[in-house]
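1. Predicted model and sequence below, questions to follow.
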Amino acid sequence: MPITSLGPKAAHAAMGAGPHCFIDVRTVEEFNAGHPSGAVNVPIAHRTPAGQMAPNADFIAAMKAVAQPGTRVFASCQAGMRSMNACKALEQAGYTQLVNIEGGFGGRHGAAALPDVPGWRECGLPVDTTPSAYAKPKG
């Protein structure tokens, strides 16, 4: 089943149609600054002490602790690119019901050759600031 892309309002409406898992793949710091209500933080990357982004080697293991491959997964990030990369990684790991939230939390603005897409926050959808409960999987 191909990865579906929906804007924030359409994704929010689709979440009401049945069981699902809603992940925010931004860093813990980004998540803690504000995130969609109901989202679980599973970072696809971490910021290094030098400020660079490094892939989270435990991403798939952490996801399996949150949702099994048969679960419908909605993925969000800041603008929609990291969440699409997360969906691709999850697809490779056997997940089949994947929805990338275009525009993510903060929106996609001014990207060359791509249309502007408002983010979750701009759409007036529910926002939360509860700190991330993300814990690196043991193993």
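-> Nice, I can see it. Residues are numbered from 1 along each chain as shown.
2. wait, isn't T27 in contact with I44?
-> No - using Cβ atoms under 8 Å, T27 makes no contact with I44, being 9.1 Å away. Where you see a C-beta, it was placed from the backbone N, CA and C, and this is true even at glycine.
3. Compare these two and say which is more crowded by neighbours.
-> A direct count of neighbours by other Cβ atoms under 10 Å for T27 and I44 places I44 higher, at 25 against 22.
4. can you list the residues that contact whatever helix or strand H46 lives in?
-> Using DSSP states H and E, H46 sits within strand 45-47. For strand 45-47, the external contacting residues (Cβ atoms under 8 Å, 6 or more residues apart in numbering) are 25, 27-29, 53-56, 82.
5. mind checking how far the helix or strand following that strand is from the chain centre?
-> The element immediately downstream of strand 45-47 (helix or strand, assigned by DSSP H and E) is strand 53-55. Mean C-alpha position of strand 53-55 versus that of the full chain (Cα atoms, centre = their mean, to the nearest Å) differs by 15 Å.
6. and what of stretch 119-131?
-> 13 Å.
7. average pLDDT across that stretch?
-> Summarised as a single mean, pLDDT over stretch 119-131 is 94.
8. In that stretch, which residues are buried?
-> 119-121, 123, 125 (16 or more other Cβ atoms under 10 Å).
9. any weak-confidence spans in the chain?
-> Applying pLDDT under 70 to the chain flags the ranges 111-114, 135-139.
10. and the next element down the chain from the top helix by length along it?
-> As assigned by DSSP state H, the longest helix anywhere in the chain is helix 81-92. Downstream of helix 81-92, the next assigned helix or strand under DSSP H and E is strand 97-101.
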